[in-house]
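# Compute the structure for the input listed below.
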Amino acid sequence: MYLNCKTYFSWRYGTFGTEELVQHAADMGATMLALTNINGTCDTWDFVDYCLQANIKPIAGAEIRNNADDTAPGSSRLLYIVLARNNNGFAAINLFLSRHLQQGLPFPATADALADVWVIYPLGVKTPDALAAHECIGVKPAEVNKLFGMEPQRHPNKFVILQPATFKNKTYYNLHRLLRAIDGNTLLSKLAVQETATPDETFWPAAKLMEAFRQYPFMITHTLRIMEQCDIGIDFYTDKNKQQFTAGKEDDRILLEKLALDGLQYRFGKNNREALQRVRKELKIINQLSFNAYFLIAWDVIRYAQSRGFYYVGRGSGANSIVAYCLQITDVNPIELDLYFERFLNPHRTSPPDFDIDFSWQDRDEVIDYIFKRYGKDHVALLGMYDTFQYRAIVRELGKVFGMPKAEIDALADRPDRMLGDKPPEDQIHRLIEQYGKLMINFPNHLSIHPGGMLISEKSMYHYSVVAMPPKGFGTSQLDMFVAEKVGLYKLDILSQRGLGHIKECLRLVRANREKDIDIHAIEKFKRDPKVAAQIRHADTIGCFYIESPAMRQLLKKLRCDDYLTLVAASSIIRPGVSQSGMMKQYIYRFHNPDKFSYLHPLMEQLLEETYGVMVYQEDVIKVAHHFAGIDMADADILRRAMSGKYRGKKEIMRIREEFFSNCKARGYGEDLTGEVWRQIESFSGYSFSKAHSASFAVESYQSLFLKTYYPMEFMVAVINNFGGFYNTELYFHELRKAGATVLAPCVNSSEALTHIEGHTVHVGLIHIQGLGEQIRDNIVTERADGGTYTTLHNFIERTAIGLGQLNTLIRVGALRFTGKTKKELLWEANFLHRHQQQRETTKQKK
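Alright, predicted model coming up:
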């Protein structure tokens with residue numbers, strides 16, 4: 001009977017959580033349930049999963065609405081409801097929604113003829129005679145009286161019962177109204193009636209619905225018939241990614257083997273038996289788990305990046321793979337670091353593998369664009385994510401809705417203790433904000449974009465999700481990483497960072513300034529370089545990726561770090577989990593005093609000897625949970641993912657915790673020992689690195705260190721030009737002077753837009769002049785390149801058509817010092833010339 005149910009993924013409209021909706025329906029005795037969120041299908045697959053667990057038949061669909069201005073998705077005007085008869089119908093709905101959302105077009109008043117889709121119009125939109133075979137009219141219980149005189153019995157297969165379920169009770173109806181006011185950016189007192197649902201949009205018991213339609217039993221029958229004809233299903237957690245890279249799966253296996261063996265020779269030479277055995281072993285597992293295409297797609301992205309001269313770093317758990325190392329997806333040698341491939345891909349691992357590939361912030365979008373064009377826009381999407389309402393945003397939004405003054409809102413938003421304390425607020429409005437704010441916590445607010453995840457599917461993406469088009473200009477799925485994983489779409493992370501940008505820029509500057517080409521991938525050479533080692537040992541690392549902060553430089557000094565393996569460990573123990581738990585201090589002491597400490601337990605010595613009994617990496621969590629506490633590998637991996645902030649199942653974590661303590665008790669461990677080990681595991685929560693990830697970061701740090709050691713001036717200019725780093729730009733200019741450079745202030749005759757270096761002389765870029773617009777900045781450089789250097793102030797004004805305000809700015813910073821005149825003289829002359837120019841233009845206009 002429930003054909004029109006919404007969750008809070010009807011953004012700022014519905015108030016049910018997805019699981020809550022299904023549970024409420026089960027409590028009402030429902031056996032079939034349709035999810036029809038407004039213009040979206042974000043949580044459809046979660047809904048399907050929860051329904052199956054509750055023995056309810058799920059039905060997928062959407063409620064199609066236009067805004068009041070008929071230009072965007074979102075709220076006020078209900079057009080029709082679409083229900084998928086099957087998975088193909090669901091794909092048709094997603095495609096229909098995607099086309100309109102991507103183009104920003106209003107939805108048509110009459111639904112397109114969608115294959116395998118039922119369309120239900122509100123009463124009064126169409127007459128029964130005008131309906132196609134797949135169309136019906138939905139009648140609400142409150143509208144039964146309107147049927148008199150319409151003779152619906154003449155069209156028994158054209159009417160259905162339509163009782164929307166939007167909120168649970170009066171409290172949540174009030175919350176719904178607050179959400180609608182937030183969405184409309186209006187006061188609650190001015191919220192239009194047509195912008196909200198009616199108060200009766202709750203779950204009615206089936207008996208009450210049947211009583212309301214007792215005079216029209218054929219409508220009850222037809223409603224049930226339509227619901228029975230609808231079906232939606234999927235095999236969760238099975239691979240839905242692109243299945244083939246070449247013409248067939250066997251061809252994929254052969255190609256991957258060839259590329260891996262060719263790369264083996266490049267990385268290890270011709271006679272490395274250990275490496276060959278590892279490659280063969282990995283290739284076998286990759287083939288068994290059907291991930292040949294996944295590796296080849298990652299290799300294809302890298303191949304494109306190399307062809308374009310883009311610098312990149314492969315990291316994450318993918319760096320555990322020697323095949324990835326041979327394919328140059330990563331630069332981390334897994335044999336050197338004793339990295340286990342099974343951490344990346346194994347039959348016990350509960351989550352799919354993913355490569356994290358960092359590009360320069362300047363190159364990333366071009367790589368993403370290549371992937372869309374290479375594999376097809378209907379099969380590629382950026383991974384979505386959901387921004388949720390949290391305390392401060394809730395207070396600010398509800399404060400505006402209730403008409404509170406801005407100063408009062410700011411004061412309340414900055415004092416969560418006022419709202420979350422034991423004593424209720426004295427002010428009535430504050431009490432309402434507290435009451436409804438607690439209900440709103442973690443409600444989805446709007447669709448956002450995952451920092452780097454991309455999905456590449458075998459079937460079209462519309463079989464799984466609506467694909468929206470955010471301002472960034474790349475199709476973005478309405479699935480987040482958790483739902484995508486449940487569906488079986490394994491993400492490829494295409495990320496960006498400024499550290500790579502300054503390495504790429506430095507290589508360019510060295511080539512231009514010193515006519516040298518550097519093989520930045522000669523990592524083994526950098527590791528053995530004594531000058532680079534001394535640079536680390538003295539913590540002279542300002543500007544270097546990941547190791548320039550005061551805390552990191554202090555750690556490097558305390559460890560007296562001068563080698564790669566120690567830097568790998570340092571890259572992980574600096575993370576908040578290890579450092580704040582007190583284990584970083586322990587690690588430093590044990591590192592220097594390996595014979596002066598005791599392990600918590602003999603097993604800990606076996607498991608954590610390399611890290612002196614301290615859990616430093618995610619892999620340590622897996623080893624301790626499995627070998628120390630007897631947790632099976634699948635659950636140990638869930639625990640590892642939870643500690644890295646990539647798992648949302650709190651019930652599973654609690655179950656594993658109970659099993660951990662129970663197993664430890666059964667093994668005879670004392671409560672203090674068990675509690676301390678669990679405390680150390682918990683300290684990782686949200687912050688831990690895998691060893692491979694730390695190793696990848698350390699590789700990039702070494703590359704930065706090599707450039708800083710041998711080309712310090714070019715390196716600092718590169719850091720300045722990438723506008724990133726831990727410190728402000730002024731400090732990097734100070735470091736530049738320390739390196740021996742002569743730094744010249746901006747000049748319109750010698751400066752480019754960005755800072756550049758000639759020999760030992762550095763010309764500060766025009767971009768650093770505050771108040772100078774981008775257009776005039778670029779115009780200055782372009783005009784100089786086309787017409788030669790500027791000769792006089794008058795010549796500069798005539799050629800650039802610069803405004804007086806920006807001209808005065810240039811004069812004040814000394815950018816026109818080539819004229820040989822003082823700033824006072826230039827300011828007087830500039831004002832005179834501009835006034836004279838304005839008079840000439842006025843005279844021309846009069847003529």
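
# Ala62: what secondary structure?
Look at Ala62: counting by DSSP: H, G, I helix; E, B strand; the rest coil, its state is strand.

# partners of it in the sheet?
Asn37, Val82 (DSSP bridges).

# gap between it and Ala26?
Ala62 sits 23 Å away from Ala26, going by Cβ to Cβ, to the nearest Å. Glycine gets a C-beta too; all of them are placed from N, C-alpha and C.

# Likewise for Pro122?
When Cβ to Cβ is the yardstick, Pro122 and Ala26 sit 28 Å from each other.

# do the same with Ala570
As judged by Cβ to Cβ, Ala570 and Ala26 stand 52 Å apart.

# So between those two, which is more surrounded?
With neighbours defined as other Cβ atoms under 10 Å, Ala570 and Ala26 compare such that Ala570 has more, 27 against 17.

# While we're on the spatially most central residue of the chain, how confident is the model there?
Using Cα atoms, centre = their mean, the residue of the chain that lies closest to the mean C-alpha position is His450, 1.8 Å off. Taken from the predicted model, the pLDDT recorded for His450 is 90.

# From Ile335, how far out is it?
32 Å.

# try Tyr711
When distance is defined by Cβ to Cβ, Tyr711 is 31 Å away from Ile335.

# The two - which one has more neighbours?
Neighbours were counted for Tyr711 and for Ile335 using other Cβ under 10 Å; Tyr711 has more, 22 against 14.

# my guess is the more buried one meets Arg514, correct?
Yes. Contact between Tyr711 and Arg514 holds when scored by Cβ atoms under 8 Å: they sit 7.4 Å apart.

# lowest confidence element among the helices and strands of this protein?
When the helices and strands of the chain are compared on mean pLDDT, DSSP states H and E, helix 416-420 comes out lowest with a mean of 58.

# In contact with Glu735, which residues?
The contact partners of Glu735, taken as Cβ atoms under 8 Å, 6 or more residues apart in numbering, are Ile542, Gly543, Met716.

# tell me the mean pLDDT for the helix or strand where it lies?
Following DSSP states H and E, the helix or strand that holds Glu735 is helix 729-738. The average pLDDT for helix 729-738 rounds to 94.

# List the backbone torsions phi and psi for Val160.
Main-chain torsions, Val160, degrees, to the nearest 10: phi -140, psi 160.

# do Gln497 as well
Phi and psi for Gln497, reported as degrees, to the nearest 10, are phi -150, psi 150.

# what's the answer for Ala753, then?
Its backbone dihedrals place Ala753 at phi -60, psi -50, with angles given as degrees, to the nearest 10.

# Spell out which residues sit in contact with it, please.
Ala753 makes contacts with Gly765, Leu766, Ile767, Arg777, Asp778, Val781, as judged by Cβ under 8 Å, 6+ apart.

# about what we covered before: so which of the contacts of Glu735 is the closest to Arg273?
Distance from Arg273 was checked for each of the contacts of Glu735 by Cβ to Cβ. The minimum falls on Gly543, at 41.2 Å.

# Report the secondary structure element holding that closest one.
With secondary structure defined by DSSP H and E, Gly543 is part of neither a helix nor a strand.

# surely it meets Glu714?
No. When contacts are counted by Cβ under 8 Å, Gly543 is not listed as touching Glu714 (11.3 Å).

# Please enumerate the helices of the stretch 351-500 of the chain.
Assignment of helices within the stretch 351-500 of the chain using DSSP state H, counting those that start in this stretch yields the ranges 364-375, 391-401, 406-413, 416-420, 428-440, 481-487, 498-514.

# Does the first one pack against any helices or strands, and if so which?
In terms of contacts (3 or more Cβ pairs under 8 Å, 6 or more residues apart in numbering; DSSP states H and E), helix 364-375 is packed against helix 292-307, strand 380-388, strand 444-456, strand 492-497.

# Same check on the second one?
Other helices and strands packing on helix 391-401, by 3+ Cβ pairs under 8 Å, 6+ apart, are helix 170-184, helix 406-413, helix 416-420, helix 428-440.

# hang on, the earlier thing: of the helices and strands packed on helix 364-375, which is nearest Arg177?
Taking Cβ to Cβ, strand 444-456 is the member of these nearest to Arg177, at 16.8 Å.

# Put the alpha carbons of that closest one into PDB.
In PDB, the C-alpha atoms belonging to strand 444-456 read as follows (Å, rounded to 0.1, in the frame of the first residue of the first chain):
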ATOM      1  CA  PRO A 444      22.200  14.800   4.800                       C
ATOM      2  CA  ASN A 445      22.300  18.400   3.800                       C
ATOM      3  CA  HIS A 446      23.400  18.200   0.200                       C
ATOM      4  CA  LEU A 447      25.300  16.100  -2.300                       C
ATOM      5  CA  SER A 448      29.000  16.700  -2.500                       C
ATOM      6  CA  ILE A 449      32.000  15.200  -4.200                       C
ATOM      7  CA  HIS A 450      34.400  12.600  -2.700                       C
ATOM      8  CA  PRO A 451      38.000  14.000  -2.600                       C
ATOM      9  CA  GLY A 452      39.200  11.700  -5.300                       C
ATOM     10  CA  GLY A 453      37.100   8.600  -5.900                       C
ATOM     11  CA  MET A 454      36.200   7.600  -9.400                       C
ATOM     12  CA  LEU A 455      33.900   4.800 -10.500                       C
ATOM     13  CA  ILE A 456      34.200   2.900 -13.800                       C
END
